[in-house]
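Colleague: sequence-free structure coming up:
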């Protein structure tokens, strides 16, 4: 499988100075500053949440809560510790995670055993032809992604779908860099495995 | 979430599929209601009463309004406005000098760091708030520094509740406060911060530049 090299996001953070100035104005209640910050960061944060949960309304709610948290407590952002976009995504992640813990929510809980599970590689993972056949409908990949355990799904979404820098992705996920790399690798494997299994099932029907 | 359509080339592999999914995902945008609600939230934050961060300013303003040039405060007199401005600036300088010389009349001044902080606050208040309440009202609403024997910060904070409230005023409203304004721009809104007493009375106004 060809590895995807992360690339910086083109619509992601503005310069540090502009970011700092906008934050200062936001503290003063300037709605124009909010618009600047929102335009720069709402898209990536929303898409991150959307890919994680697969539900547009849940993603929008979580993003809203993350921005409200920033507005209410702007001092919580420390520019020396990361980008504003990463900070917002981190807040949004916690909001979403709180929703996952809601027993009424049909979510895949974080299971530490998933970390140590070393899944076997399917032949399908290395066979593009077989995999292509697997994609019988256009939602197969996203469905498989949403079936991944949270930790792997998040890693794949941050790195492969959003193409974030590994360091920023690790900061958002709150994990060491090497842990993120491992999760991305295992997430890809699980994804390939799921798609391959689906293909095998359809072949036997 | 909208359905992601994937091309089906025979040589597609997982990384390509993820790349396509990423491209498709990049076209997703948050709904407009989120930004609208956030704007409303910021606006509410800006206009909501918030505790006065430097209560000592109340005392300074009070002294300025009550003891400056003397006589009745006439909100319609431009001369009085100038006089009040000068008196206010002089008083701020005097209070800053008192703090710098270690006077104990203002609580906390014996602590060098507290004195420095108070000096900064007072200096920052210089040329900001202009008292608009009459001296009599100041005396009624805000206790004098000399009336307090304890720390002026706590005294002012407990006995003179006031908030700084951001607001947009019609320009002609400035005349009612005795402040100069351009009649040709009477209909234009002016952004200002009001020092609002808990009774609802406006004690002082600071115009935003």
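Modeller: Sure, I can see it. Bear in mind the structure is a predicted one, so any value in this text is a computation, not a measurement.
Colleague: okay, and the helix or strand of chain A with the least pLDDT?
Modeller: helix A:113-116 (a mean of 44; mean pLDDT, DSSP states H and E).
Colleague: Show me what the host helix or strand of residue B:203 is packed against.
Modeller: Taking DSSP states H and E as the criterion, residue B:203 maps to strand B:202-207. Here strand B:202-207 touches helix B:56-67, strand B:130-131, helix B:135-141, strand B:189-197, going by 3 or more CB pairs under 8 Å, 6 or more residues apart in numbering or on different chains; DSSP states H and E. For every residue, glycine as well, the C-beta is placed using N, CA and C.
Colleague: Give the full set of residues in contact with residue A:184.
Modeller: A:155-156, A:159-160 (CB atoms under 8 Å, 6 or more residues apart in numbering or on different chains).
Colleague: Let me see the backbone angles for the residue nearest to residue A:162 when sequence neighbours are not counted.
Modeller: Leaving aside its chain neighbours, residue A:162 sits nearest to residue A:48 (5.9 Å; criterion: CB to CB, 6 or more residues apart in numbering or on different chains). Here is the backbone geometry of residue A:48 (degrees, to the nearest 10): phi -60, psi -50.
Colleague: Residue A:98: how many residues sit nearby?
Modeller: By other CB atoms under 10 Å in any protein chain shown, 12 other residues sit near residue A:98.
Colleague: And it, how close does it get to residue A:181?
Modeller: 27 Å (CB to CB, to the nearest Å).
Colleague: can you narrow the contacts of residue A:184 to ones near chain B?
Modeller: Subset of these in contact with chain B: A:156, A:160, counting by CB under 8 Å from any CB of the partner chain.
Colleague: May I ask which of the contacts of residue A:184 has the most neighbours?
Modeller: That'd be residue A:159 among the contacts of residue A:184, by other CB under 10 Å, with 28 neighbours.
Colleague: so it makes contact with residue A:170?
Modeller: No. The pair residue A:159 / residue A:170 is not scored as a contact, 9.5 Å apart, by CB atoms under 8 Å.
Colleague: Restricted to helices, list the contacts of residue A:184.
Modeller: A:155-156 (DSSP state H).
Colleague: of all the contacts of residue A:184, which comes closest to chain B?
Modeller: residue A:160 (4.3 Å; CB to the nearest CB).
Colleague: looking at it, the closest one is touching residue A:188, isn't it?
Modeller: Yes. Contact criterion CB under 8 Å: residue A:160 and residue A:188 qualify, at 7.3 Å.
Colleague: okay, and the common contacts of the two?
Modeller: residue B:18.
Colleague: who touches stretch A:86-100?
Modeller: With CB under 8 Å, 6+ apart, stretch A:86-100 has contacts from A:41, A:44-45, A:48-49, A:52-53, A:58-59, A:62-63, A:65-67, A:69-70, A:76-77, A:81, A:105, A:107-110, A:150, A:154, A:168, A:171-174.
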